[in-house]
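In: whatever this is, show me its structure:
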Amino acid sequence: MPKGEIAVNLSYNLFLNLTLDKDLKIAFFDSGIGGLSVLAEALRRFSGAEFLYFADEDHVPYGTKSRAEIVRLSLNAVGFLVGRGAEAVVVACNTATSAAISELRGAFSVPVIGMEPAVKLAADSFGARPTLLIATPLTIAGEKLARLVGRLECETWSLALPRLVEFAQDLEFDSPAVRAYLRQELGKFELARLGSLVLGCTHFNYFKDVLREILSPHVRIIDGIDGTLNRLASELGGGLKLVSGEDLPSRAAKFNAKADSENSGKIYYPNGNSVEYFYSGRVLDAAQLRKVEIFLKRLDAMREIG
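Out: Next up, the predicted model:
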């Protein structure tokens, strides 16, 4: 192993559907580590890309802040990523999308793709029963969501769960406190009537197993990741090429995270992708990269729960 590199083992399945043009840089931005759920799926679907990931750890959570503050923070984050060469930016944060997507698209010439709560998918698939959307307070109160829900013919309920973001950031996924919180909040609704539960915050993907325990077996858990990545592929157009239909087999991905001052925070994956991680503009050190590994492993365990 070259001097100055740290070996880190990451176990999750990589399913490659698309090949990106070499050197194409795609950035993912979130208030914290929730957007890793979108990045992790992109690592399965795409190959040959340089990814950037920006977690605004200095200012997480966004969901309880004012819209004006979220716009300011989002402009700063995306400006940083574009300055690092990003040719497309995924706002992997429902709250930032709700508050700032118009301003971001007006300020930057690169494609800016947002996260939309998959309430339309839920209504189209399970419209005979109500849908429950769980999200942050700002997303729930936002005009963007109100317009989206207003176009649906399905009965849609909403619930703000701000503490889930804090639990996720603290690596607390299935503790007694998490279970008690979710049971108390979800217990305010007639859960037996539900057809689907929509995750309106990317942080909530870490809690699928606990949600599955509480919900009836017939209730589907839905997020907006597929729609977001499909939109990304569409926006990039010629930058994407379909790969032959065979998926790579399951394997443990071993990568090296260079710890020198130039490349610290960058992780190389065996499928030709790389990810450079930033916390509020700062590159990650070895300990922080190992924490990212924990989050990605948790997301892998949650992936098939729905």
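
In: from here on, just use CA atoms for contacts and neighbour counts.
Out: Fine.

In: OK, contacts around the spatially closest residue to Pro162 that is not a sequence neighbour?
Out: Spatial nearest neighbour of Pro162, chain neighbours left out: Thr136 (5.3 Å); criterion: C-alpha to C-alpha, 6 or more residues apart in numbering. Each residue near Thr136 by C-alpha atoms under 8 Å, 6 or more residues apart in numbering is listed here: Gly63, Thr64, Thr95, Ala160, Leu161, Pro162, Gly200, Cys201.

In: Ala88 is in contact with Ala27, correct?
Out: Yes - between Ala27 and Ala88 a contact is recorded at 6.2 Å, counting by C-alpha atoms under 8 Å.

In: are any of the contacts of Thr136 buried, and which?
Out: Gly63, Thr95, Ala160, Leu161, Pro162, Gly200, Cys201 (16 or more other C-alpha atoms under 10 Å).

In: how much space between the most centrally placed residue in the chain and Ala180?
Out: Against the mean C-alpha coordinate of the chain, by C-alpha atoms, centre = their mean, the closest residue is Gly35 at 2.8 Å. Distance from Gly35 to Ala180, counting by C-alpha to C-alpha, to the nearest Å: 25 Å.

In: then Glu276?
Out: The separation that Glu276 has from Ala180, given C-alpha to C-alpha, amounts to 36 Å.

In: what values do phi and psi take at Ser196?
Out: When read as degrees, to the nearest 10, the backbone of Ser196 gives phi -150, psi 150.

In: run a quick neighbour tally on it.
Out: 28 (other C-alpha atoms under 10 Å).

In: and what of Ala92?
Out: Neighbour tally, Ala92, other C-alpha under 10 Å: 34.

In: could you do Glu155 as well?
Out: 14.

In: tell me where the stretch 51-200 of the chain has strands.
Out: In the stretch 51-200 of the chain, the segments counted as strands under DSSP state E, counting those that start in this stretch are 88-91, 112-113, 131-135, 156-160, 196-199.

In: what about the residue nearest to Ile134 when sequence neighbours are not counted, neighbour count?
Out: Nearest residue to Ile134 in three dimensions, chain neighbours excluded: Leu159, at 4.8 Å (C-alpha to C-alpha, 6+ apart). A count of nearby residues for Leu159, using other C-alpha under 10 Å, gives 17.

In: tell me the spacing between Leu159 and Pro137.
Out: When Leu159 is compared with Pro137 (using C-alpha to C-alpha), they lie 8 Å apart.

In: next: Ser175.
Out: 23 Å.

In: at which residues are the helices of this protein located?
Out: 36-45, 67-83, 94-107, 119-126, 137-141, 143-150, 162-169, 176-186, 208-214, 225-236, 286-302 (DSSP state H).

In: in the last one, which residues are buried?
Out: Which is helix 286-302. Under 16+ other C-alpha under 10 Å, the buried positions of helix 286-302 are Ala286, Leu289, Arg290, Val292, Glu293, Phe295, Leu296, Lys297, Arg298, Leu299, Asp300, Met302.

In: next, the angle helix 36-45 makes with that helix.
Out: 80 degrees (axes from the mean of the first three to the mean of the last three C-alpha atoms, to 10 degrees).

In: over to the second one?
Out: Angle, helix 67-83 to helix 36-45, by the same axes, to 10 degrees: 30 degrees.

In: sorry, back to before: pLDDT at the residue nearest to Ile134, what is it?
Out: On the pLDDT scale, Leu159 is placed at 96.

In: that one contacts Ala135, correct?
Out: Yes - between Leu159 and Ala135 a contact is recorded at 6.5 Å, counting by C-alpha under 8 Å.

In: so, low pLDDT: which residues of the stretch 151-300 of the chain?
Out: 238-264, 270 (pLDDT under 70).

In: just give me the neighbour total for Arg84.
Out: 12.

In: likewise Glu172?
Out: 16.

In: skipping its backbone neighbours, what lies nearest it in space?
Out: Nearest to Glu172 is Val178, by C-alpha to C-alpha, 6+ apart, at 7.5 Å.

In: dump the residue contacts of that neighbour.
Out: Leu164, Phe167, Glu172.

In: residue contacts, Gly79?
Out: Phe108.
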